[in-house]
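Engineer: Next one to model:
(chains A and B)
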Amino acid sequence: KAGVTQTPRYLIKTRGQQVTLSCSPISGHRSVSWYQQTPGQGLQFLFEYFSETQRNKGNFPGRFSGRQFSNSRSEMNVSTLELGDSALYLCASSPEQFARSYEQYFGPGTRLTVT
Amino acid sequence: AQKVTQAQTEISVVEKEDVTLDCVYETRDTTYYLFWYKQPPSGELVFLIRRNSFDEQNEISGRYSWNFQKSTSSFNFTITASQVVDSAVYFCALSDGDDKIIFGKGTRLHILP
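Structural biologist: Take a look at the predicted model:
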């Protein structure tokens, strides 16, 4: 089985712009979660989607949003980018709902740099 | 509130030595899950183990072993006979009734040849 794929792998944006990141889960996995990883804050949970519904959301401002499609592929969007949004954004898939209870399979991440 | 503490920020050991990575957690729930993930230089987190709060049995998988002790709220990870390929950042994580997963800050492990 192919692993979790994320596109693009690297992205450079300017403050104020918006960005969309994409994630394709492992075939058959219906739960997709997103995380932000920074040197200062570490790994932080953004949100989880299951069957096109957002199940849970971390403590991030409304500028961070996401969605999941019927084929389980997911996108996350960050609007009005700030310098502090520079991070590695990781997507993870899980075969079941309640990803907190199961192991997750992570993609390689998208490295976002905001200038 | 949930909390995961990995007090060791960075550890260096010589190849073939044993090394233990500490993880201490806090939660008010009786049902929770603990995880360990490995992040090699490539950046992709790799799942190592999951443990639920009702299963205190220690586990061994090859050179890896995990010691779960509810009495001290710890879930420590030991690598026996370390190898250079074990060099990575290791994360301990906790999820409980809050339906969110909290990761520790990670321990960067250097295995020196």
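Engineer: Pairing-wise in the sheet, spell out the partners of the closest residue to residue A:85 other than its chain neighbours.
Structural biologist: In space, and not counting its chain neighbours, residue A:85 is closest to residue A:114: 5.2 Å by Cβ to Cβ, 6 or more residues apart in numbering or on different chains. All C-beta spots, glycine's among them, are computed from the backbone N, C-alpha and C. With DSSP bridges applied, residue A:114 shows beta-bridge pairing to residue A:13.
Engineer: Get me the contact residues on chain A for chain B.
Structural biologist: Chain A has residues A:33, A:42-45, A:48, A:55-56, A:58, A:88, A:90, A:92, A:98-109 near chain B, with proximity defined as Cβ under 8 Å from any Cβ of the partner chain.
Engineer: Would you mind naming what in chain B lies close to chain A?
Structural biologist: Proximity of chain B to chain A is confined to B:33, B:35, B:37, B:42-47, B:50, B:52, B:91, B:93, B:95-96, B:99-106 under the rule Cβ under 8 Å from any Cβ.
Engineer: residues in contact with the residue sitting nearest the centre point of chain A?
Structural biologist: Centroid-nearest residue in chain A: residue A:34, 3.1 Å away (criterion: Cα atoms, centre = their mean). Shown in contact with residue A:34 (Cβ atoms under 8 Å, 6 or more residues apart in numbering or on different chains): A:23, A:45-48, A:66, A:74, A:76, A:89-92.
Engineer: Could you single out the nearest of those residues to residue A:10?
Structural biologist: Residue A:10 lies nearest to residue A:89 out of these, by Cβ to Cβ, at 11.1 Å.
Engineer: Thought residue A:38 was touching that closest one, still the case?
Structural biologist: No: here residue A:89 does not reach residue A:38: they are 10.1 Å apart, not a contact under Cβ atoms under 8 Å.
Engineer: Quick check: strands, which of the contacts of residue A:34 are part of them?
Structural biologist: If you go by DSSP state E, the contacts of residue A:34 have A:23, A:45-48, A:66, A:74, A:76, A:89-92 in strands.
Engineer: packing partners for the worst-scoring helix or strand of chain A on mean pLDDT?
Structural biologist: Sorting the helices and strands of chain A by mean pLDDT, DSSP states H and E puts strand A:53-57 at the bottom, at a mean of 89. If contacts are counted by 3 or more Cβ pairs under 8 Å, 6 or more residues apart in numbering or on different chains; DSSP states H and E, strand A:53-57 sits against strand A:42-50, strand A:64-68.
Engineer: Point to the helix or strand of chain B where mean pLDDT is at its lowest.
Structural biologist: Result, chain B / mean pLDDT, DSSP H and E: strand B:59-61, a mean of 86.
Engineer: could you dump the next helix-or-strand element following that strand to CSV, C-alpha only?
Structural biologist: Downstream of strand B:59-61, the next assigned helix or strand under DSSP states H and E is strand B:64-69. What follows is strand B:64-69, C-alpha atoms only, in CSV (Å, rounded to 0.1, in the frame of the first residue of the first chain):
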residue,chain,number,x,y,z
TYR,B,64,12.8,-2.0,21.8
SER,B,65,11.0,-2.3,25.1
TRP,B,66,8.5,-0.2,26.9
ASN,B,67,7.8,0.1,30.6
PHE,B,68,4.3,1.4,31.5
GLN,B,69,3.8,2.3,35.2
